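> Starting from these lines, generate the structure:
(4 chains)
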There are 2 protein chains.
Amino acid sequence: MQSDLYNIGEAANASGISAKMIRHYEDVGLIPKASRTLAGYRTYNDKNVHTLRFIRHARDLGFSVKQIGNLLSLWSDQARSSSQVKSMAMEHIEMLNLKIHELHAMKLELTRLVNCCHGDTRPDCPILDNLAQNKV
Amino acid sequence: MQSDLYNIGEAANASGISAKMIRHYEDVGLIPKASRTLAGYRTYNDKNVHTLRFIRHARDLGFSVKQIGNLLSLWSDQARSSSQVKSMAMEHIEMLNLKIHELHAMKLELTRLVNCCHGDTRPDCPILDNLAQNKV
DNA sequence: CTTGACCTTCCCATAGTGGGAATCTTTATG
DNA sequence: CATAAAGATTCCCACTATGGGAAGGTCAAG
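Predicted coordinates:
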């Protein structure tokens, strides 16, 4: 593990987070302000890139920036208890479940409507009829 | 079906779309500009409210504003073919499927990690370890 | 006539991501 | 060395959909 320095483009490539987003994460305080070269270019070392990867993995799991901030705190906190992390994860699973169920309900209803619609050149359409219904 | 006039609050109650959003939909051109009283209050008739309900139902099914615009066009187009509506609906089902699968994959992975984590007072945590991994 | 419940417009905020402009720096090439 | 291309900087704007809130006008009831 050598400590090369990366500029933002290299850090972006190495982490899978776009340069735009790296700057953004710095702006909103998710990551500390990067050190700069004399010319003002941001520089990143291996540890920084490692953190960026951590962030990307968390993002890939659907955690919000705020949640990722908490995960980063726990990550760097040697006194953490794994139960803290676990409960964050379980909470997030619940949110995912909620969204999945919402989308699934939409899909079911829409599929039902699609199956009712003959889908030919005639204008009458159960899908539109359903949307136009005065149901609650 | 009488043709009472509603102000925006009444139209909001009758349609289930907030007054804020009704104004917004007018701003972005989803619905035509409402007529006004002398004092400048927006007024809505039964037909307008019917349209707002249509919009709410479509929104409840997860259609975007742009898609709802297309649905409204088709709704008012007597020369439409039901196949146009059906293909829009099927396209949307595909989008829903995509999102559901994404969320589901997140949930599976996260559930796997949670099941690996003892979740006690000790700091070592497979969830954090996984996030910190240098995987691709 | 006052008061409270509405309405109006306008600006700001959310979360996450990107586009693009104007400008500067670094690097490569002739 | 001069110049051009690539890449960095900041700043502003965009998207989706929704809401909060302020400052001010209006309407109905007491």
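> Could you measure from A:Leu128 over to chain B?
Noted for A:Leu128: a distance of 5 Å to chain B, by Cβ to the nearest Cβ, to the nearest Å. C-beta: built from backbone N, CA, C; applies to glycine.
> Quick check: closest non-adjacent residue to that residue.
Distance criterion Cβ to Cβ, 6 or more residues apart in numbering or on different chains; nearest residue to A:Leu128, sequence neighbours excluded, is B:Trp75 at 5.2 Å.
> Tell me the confidence at that neighbour?
B:Trp75 carries a pLDDT value of 95.
> wait, does the helix or strand harbouring it contact DNA strand C?
Per DSSP states H and E, B:Trp75 falls inside helix B:65-76. No. Using Cβ under 7 Å from any atom of the strand, helix B:65-76 never reaches DNA strand C; the gap is at least 13.9 Å.
> Distance from the chain centre to the following helix or strand past that helix, please.
The helix or strand immediately downstream of helix B:65-76 is helix B:82-116, counting by DSSP H and E. Relative to its parent chain, helix B:82-116 has a centroid offset of 15 Å by Cα atoms, centre = their mean, to the nearest Å.
> next helix or strand past helix B:82-116?
Following helix B:82-116 in sequence order, the next helix or strand is helix B:126-132 (DSSP H and E).
> helices and strands around that next one, which ones?
When contacts are defined as 3 or more Cβ pairs under 8 Å, 6 or more residues apart in numbering or on different chains; DSSP states H and E, helix B:126-132 packs onto helix A:46-60, helix A:65-76, helix A:82-116, helix B:82-116.
> Could you identify which of those helices is most buried?
Across these, averaging neighbours per residue (mean count of other Cβ atoms under 10 Å in any protein chain shown) puts helix A:46-60 on top, at a mean of 19.
> Other residues contacting that one?
A:1-4, A:6, A:11, A:14-17, A:22, A:25, A:30-31, A:34, A:44, A:67-68, A:71-72, A:75, B:106, B:130-135 (Cβ atoms under 8 Å, 6 or more residues apart in numbering or on different chains).
> interface residues of chain A facing DNA strand C?
Within chain A, the positions lying close to DNA strand C (Cβ under 7 Å from any atom of the strand) are A:18, A:20-21, A:24, A:37-41, A:59, A:64-66.
> now do 10 Å
Residues of chain A found near DNA strand C (Cβ under 10 Å from any atom of the strand) are A:7, A:12, A:17-25, A:27-28, A:30, A:36-41, A:55-56, A:58-60, A:62-69.
> filter these down to the ones close to DNA strand D.
Within those, those near DNA strand D by Cβ under 10 Å from any atom of the strand are A:7, A:12, A:18-20, A:22-24, A:27, A:36-37, A:39-41.
> Drop anything exposed from the residues you listed.
Buried residues within these, counting neighbours by 16 or more other Cβ atoms under 10 Å in any protein chain shown: A:12, A:22.
> Would you reformat the ones next to DNA strand D among the residues of chain A next to DNA strand C as JSON lines and include pLDDT and secondary structure?
Output for these, formatted as JSON lines (pLDDT from 0 to 100; DSSP: H, G, I helix; E, B strand; the rest coil):
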{"residue": "A:Asn7", "pLDDT": "95", "secondary structure": "coil"}
{"residue": "A:Ala12", "pLDDT": "97", "secondary structure": "helix"}
{"residue": "A:Ser18", "pLDDT": "96", "secondary structure": "coil"}
{"residue": "A:Ala19", "pLDDT": "97", "secondary structure": "helix"}
{"residue": "A:Lys20", "pLDDT": "96", "secondary structure": "helix"}
{"residue": "A:Ile22", "pLDDT": "97", "secondary structure": "helix"}
{"residue": "A:Arg23", "pLDDT": "97", "secondary structure": "helix"}
{"residue": "A:His24", "pLDDT": "96", "secondary structure": "helix"}
{"residue": "A:Asp27", "pLDDT": "93", "secondary structure": "helix"}
{"residue": "A:Arg36", "pLDDT": "96", "secondary structure": "strand"}
{"residue": "A:Thr37", "pLDDT": "94", "secondary structure": "coil"}
{"residue": "A:Ala39", "pLDDT": "94", "secondary structure": "coil"}
{"residue": "A:Gly40", "pLDDT": "95", "secondary structure": "coil"}
{"residue": "A:Tyr41", "pLDDT": "97", "secondary structure": "coil"}
